[in-house]
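**Student:** requesting a structural model of the entry that follows:
(chains A and B)
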Protein chains: 2
Amino acid sequence: MDCQESLSTDRPFGSKERELPEFSQTLQGAMAPVAMELDSSMEQRTELAFSVLNTPDPPAPWKEFASSVKGKVFPGGKKRPSSLLHGLVSALHGLFPVLMWGRNYDLKSFQSDIVAGLTIASLGVPQSIGYANLAKLDPQYGLYTNLVPPIIYAVMGTSREIAIGPVAVVSLLLSSMVQKVIDPSTDPTAYKKIIFTVTFFAGVFQASFGILRLGFLVDFLSHAAVVGFMGGAAIVIGLQQLKGLLGLSHFTNKTDMVSVINAVWVGLHQTWHPANFFLGCSFLIFILVTRLVGRRKMKLFWVAAIAPLLSVIASTLIVFLTKGDKHGLKTIQYVKGGLNPSSAKLLQFTGPFSAESAKIGVVCAVIALTEAVAVGRSFASARGYQLDGNKEMVAIGFMNVVGSLSSCYVATGSFSRTAVNFMAGCKSPVSNVVMAITVFFTLEFLTRLLYYTPTAILASIILSALPGLIDVGEACTIWKVDKMDFLACLGAFFGVLFGSVEIGLMVAVVISFARIMLSTIRPRIESMGRIQGTDSFCSARQYPIAAKMPGLAIIHIGTSFLCFMNANFIRERITQYVLHDDKQDKEYDEEKPLFVIIDMSNVMNIDSSGMAALGEIHNKLGSLGIQVTIANPGWQVIHKMKLAKLVEIIGSSRIFLTVADAVGACLSQIEDNRHV
Amino acid sequence: MDCQESLSTDRPFGSKERELPEFSQTLQGAMAPVAMELDSSMEQRTELAFSVLNTPDPPAPWKEFASSVKGKVFPGGKKRPSSLLHGLVSALHGLFPVLMWGRNYDLKSFQSDIVAGLTIASLGVPQSIGYANLAKLDPQYGLYTNLVPPIIYAVMGTSREIAIGPVAVVSLLLSSMVQKVIDPSTDPTAYKKIIFTVTFFAGVFQASFGILRLGFLVDFLSHAAVVGFMGGAAIVIGLQQLKGLLGLSHFTNKTDMVSVINAVWVGLHQTWHPANFFLGCSFLIFILVTRLVGRRKMKLFWVAAIAPLLSVIASTLIVFLTKGDKHGLKTIQYVKGGLNPSSAKLLQFTGPFSAESAKIGVVCAVIALTEAVAVGRSFASARGYQLDGNKEMVAIGFMNVVGSLSSCYVATGSFSRTAVNFMAGCKSPVSNVVMAITVFFTLEFLTRLLYYTPTAILASIILSALPGLIDVGEACTIWKVDKMDFLACLGAFFGVLFGSVEIGLMVAVVISFARIMLSTIRPRIESMGRIQGTDSFCSARQYPIAAKMPGLAIIHIGTSFLCFMNANFIRERITQYVLHDDKQDKEYDEEKPLFVIIDMSNVMNIDSSGMAALGEIHNKLGSLGIQVTIANPGWQVIHKMKLAKLVEIIGSSRIFLTVADAVGACLSQIEDNRHV
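**Tutor:** Numbering: from 1, shown residues only, chains lettered A, B, ... in the order given. So this is what the prediction gives:
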């Protein structure tokens, strides 16, 4: 079926006329007024039709890739630096933002930052000791992680509110994944080595993501999946605290709910000392009450902030004075004082566990980045500025690399401490430096005071931080708005709760990906109708006012990639619909349409299977006397159709810019044939 | 920014007017004529705008799922059966199509089928012995596989041309995957057990795919990937034949090119007998020459079809008469005669390898189905009828299940034999039955004749079948039309060639999936312009005749799922484009637009991240005095925007049915503000 490429102005279709069957009176009656009003724009339509097929070729994929890489190297189209020195200075400013905001730093900001720094230190010191316990490390490692990474971040990061240090979820993730490689109770030194190696890998990956502008990798977890994952992780962390709260000696290493409840049950039937439980619970209630007070009266937020520190001091005194440690109260006991020792020699890049360490490093890198970027962005937008996500990743990556060399484990932005930082009026990352200095003093002079601190207090401090991680309101909103999103949320939640942290993550990722694949595998194929009196065509199901046109079937393909995954499905659906094989769908009389207009406005790209499907539709329907026309093919689509000679098979006079043009041409052909 | 839901007919926007900055003469000049012609349709636009927000709610996901399941159970909307007996008869007819076509079967068709059956038997007997060797099984298993499955298929299948039996690629796939579990040379009995178990699993999976109408799973390999995979597999199979052709005793089990060439090199330096090579090569040349003759003169196709059988007979005679087996020619030697023994007791569902068997079963199921469905469909469309893919899958699944119980391994449709069947004039699946009967006679009476058949002949028969698998022309077409598809083709090809069959498959699947994910992760964000004198808006890059409108930025989002994967990217791109942060893109003067129209015609679905991104765009641009409007949101999109209260945030008067409506409203607002 060869159609000439050049189009006459009178007949948009080729010169070969099909013999049209007799059609009903209804059809003629409907066609008359519409056909006449469209005659006048025939010339214009022909011009437009011509331009559909004669657009410039789209850029080749490798050219687009090259320009996107160029856009990453010189982002925002900034001018190239005028000289090498200028370039170096720009690069330094980019890498160390402190050089920029440091110039405008005044005494007033410094005062605010001191107050904020001390406040987050009072919360951070007890929390970090507790989180180190969660990561199955000795308490001082939590303090180390609250010392070095914040300082590195202050120099390289751009968020003014974020508070850096160890966080609950990452500590749990680390311990849960690394203990599968090495058991910390049997070989703590080897365990530590792996932890530091994982931290190094995590830092390297994070910095690479930032440098290569692979920020979208952090987007691989949908918001709903993160909500479910965090909620499940919070409950798992809470259950783990039952060991400290009840003062149990033996506990399970597994994190899933069933194993933990079993371990608690077994532990309760052995020796446990109620004193731990009462002490922990009372201070937990105290901390929660102060938090409630702080929420009711915003000015008293500092009460909630220092409550954990007060609890530590008070409980240490209680234990010291009552000699509680002799009566069954479990205490932290010896905490090694002094600054971070170097851990460079402990890093293990060879050996049987290096691949496993890299793998755990990637997972921790992504989770830590997700949390830091989410925290940083929400507070930045509250303060009205935008964070550069890639710069943040580089800063966080470097801080973890340096931390891994100085006995720290994976640190990131903590939501609870950042909120406190914000409300305490921080003005810049200097608040992190102040906090780090406070931790330094603690490490140098105050560690011996922690000898008598009960572990139950650490458990209650961690427990008090967990309600912030469980966002039931957000889960309800997700349920209301998007049930599929809620499925991802639930999947991640139960995966963490009853499987493990990794299983929860994997479920979250798989459901998120599956949703995207599903929208490609099963696209919507809908029939369209005309909005009376206009040239607008819409889905007949969505807009009941859209009227279908007798003799024409206008079908909309609702996917942006017509490919091997959906080509067969689309071909079968279109053929079934047009030939009324699906007899349940009898919307009008049994006549087959004379023309089928395939609206490809959505289709941005097509592959060989997609083109084969279009060709088969054309052949199948053509053999039954039905003409197929194509409306509004995308740039890549028309280009490939030309290359694959599909344009010649379908006919260049049957490809239109808009559905309205296609409808007009079909109707005028019906008119012409009626007159013939 | 609360806008009333009810719209006045005069002002499409809410009553709160923004203070507009002074705009240039150019803007006023351009706006005047267009603004006036649009006034008259204002009332209509308002009505349409109203209808955008008041469409009926889309069906809930579970309802759509339920109706699709119903569609699968009662496909094509066929009427429910009137009585139980009628239903049973329909079901039987569906399961055993022979009951339908068998009624119209006449003597003439039987004659054609006998000829065709004998022709494919002459090709199939030597091929199946060779393929059994490829699958590292004794020769009789190839004959068994050519006996039982074709009979089962003839009763249950719908393709009239397909020739069932063992095929090269599946034989290679099986041996390559199963030998990693058990080495056939050390423990052939255990190897056979796994082969039969895998065949059973493959059959079960294939039947399940058909029954559950999961036909799309076969679509998981793009056409380009299959072309690359088949080409690579053909070369690997060819290299493996060098063992038989050169008469080598020791060979490698690995399939990758480097290992095979290494083994050949080592073998050539040890004892090998040139007689094998000369014999094999001469008959290979003979077979290829007859095939050329058959292609030149279509009537002589039967010469090419019986050439392998002639070669087997001739070479057997040569070896027998010259006592070649004493002089170094390797022969098949003992072939166990007699019908298929039962292998039901050899199936292993428990034990250490059951999971592995199931996994290999799935892979073989999909590959075998892909081949069978492709072969069946291409010949069916050549003859003008449509295959029911799901019925074919059920038939093929059952035949493999029954085959696994009768010492057969995975069988599927062979392209070469189907082509011969077609050209020999087959009329129905009875040709397969005739072939099976011929194989039966061979097994009962003729196996002792194979004692002297040289293995080099089998190698040359297999080698002669390989050029059909390497489709260079198709690869060139893929290169011309779609470079990314070609990448998938190359990836699969080299994966098979230098890695292994599984690696090649995995590369093919990963590249295919990655392409789909990429189109979601990095959608096109393009600016649109108006085609002069019309209400059509198109991409300015694709259609250079589309003119941009000063004061308006019309941005098109080119993805069908605005989700967590692309929300941040889209938000950044739109913001950068509107605020001219990307200064390389200065297409007009530096003024920021007054209105931004986001064309969401492509967006079929949105999740919470997507809605958050839209809200952030609205807030960010709104804070700079730029109004954001939305045009043509999809059904699910507007529904979720309503649920998430995004409609209220953006303003219900700023959501339009078409881009033209949005443009008209913005322009008239500019006009009104000019007059104020």
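**Student:** so the residue of the stretch 401-550 of chain A found nearest chain B, which of the three states?
**Tutor:** Using C-beta to the nearest C-beta, the single residue of the stretch 401-550 of chain A nearest to chain B is A:Q542, 4.1 Å away. Where you see a C-beta, it was placed from the backbone N, CA and C, and this is true even at glycine. Of the three states, A:Q542 takes coil under DSSP: H, G, I helix; E, B strand; the rest coil.
**Student:** so it sits against B:W635, correct?
**Tutor:** Yes: applying C-beta atoms under 8 Å, one finds A:Q542 in contact with B:W635, separated by 4.1 Å.
**Student:** how's chain A carved up into domains?
**Tutor:** The record's domain parsing of chain A by automatic domain parsing lists A:7-60+A:520-675, A:99-472.
**Student:** of those, which shows the lowest average pLDDT?
**Tutor:** Mean pLDDT is lowest for domain A:7-60+A:520-675 among those, at a mean of 74.
**Student:** ok, and the closest non-adjacent residue to A:R417?
**Tutor:** Once flanking residues are discounted, A:R417 sits nearest to A:A163: 3.7 Å by C-beta to C-beta, 6 or more residues apart in numbering or on different chains.
**Student:** actually A:D482, not the one I typed
**Tutor:** Using C-beta to C-beta, 6+ apart, the nearest residue to A:D482 is B:D607, at 5.6 Å.
**Student:** who in the stretch 101-250 of chain A is up against chain B?
**Tutor:** Neighbours of chain B within the stretch 101-250 of chain A, by C-beta under 8 Å from any C-beta of the partner chain: A:G215, A:F216, A:D219, A:F220, A:L221, A:S222, A:H223, A:A224.
**Student:** now do the contacts for A:V433.
**Tutor:** A:V433 sits next to A:D113, A:G117, A:P150, A:I151, A:A154 when contact means C-beta atoms under 8 Å, 6 or more residues apart in numbering or on different chains.
**Student:** among those, which one lies nearest to A:K243?
**Tutor:** A:P150 (28.9 Å; C-beta to C-beta).
**Student:** correct me, but that closest one touches A:I437?
**Tutor:** No: look at A:P150 against A:I437 with C-beta under 8 Å: they stay out of range, at 9.7 Å.
**Student:** quick one, which of the two is more surrounded?
**Tutor:** A:P150 (30 against 17; other C-beta atoms under 10 Å in any protein chain shown).
**Student:** in three-state terms, label that one for me.
**Tutor:** Classification of A:P150 using three-state DSSP returns helix.
**Student:** which ones are touching it?
**Tutor:** A:A163, A:I164, A:G165, A:M399, A:A411, A:N432, A:V433, A:M435, A:A436.
**Student:** just give the nearest non-adjacent residue to it, would you?
**Tutor:** A:N432 (3.7 Å).
**Student:** what is the neighbour count of A:P97?
**Tutor:** Neighbours of A:P97 using other C-beta under 10 Å come to 19.
**Student:** ugh, wrong one, I meant A:A163
**Tutor:** If you count neighbours by other C-beta under 10 Å, A:A163 ends up with 34.
**Student:** what of the one 4 residues further on?
**Tutor:** Close neighbours of A:V167, defined as other C-beta under 10 Å, add up to 30.
**Student:** next one: it from chain B, what distance?
**Tutor:** Distance of A:V167 to chain B, computed by C-beta to the nearest C-beta, to the nearest Å: 22 Å.
**Student:** in this structure that residue contacts A:S414, no?
**Tutor:** Yes: with contact defined as C-beta under 8 Å, A:V167 and A:S414 form a contacting pair (4.7 Å).
**Student:** before we move on, the earlier item: OK, contacts around the residue of the stretch 401-550 of chain A closest to chain B?
**Tutor:** Neighbouring residues of A:Q542 by C-beta under 8 Å, 6+ apart: A:E526, B:T55, B:P56, B:P58, B:G634, B:W635.
**Student:** in TSV, list those residues along with secondary structure.
**Tutor:** Listed next are the contacts of A:Q542 as TSV, based on three-state DSSP:
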residue	secondary structure
A:E526	strand
B:T55	coil
B:P56	coil
B:P58	coil
B:G634	coil
B:W635	helix
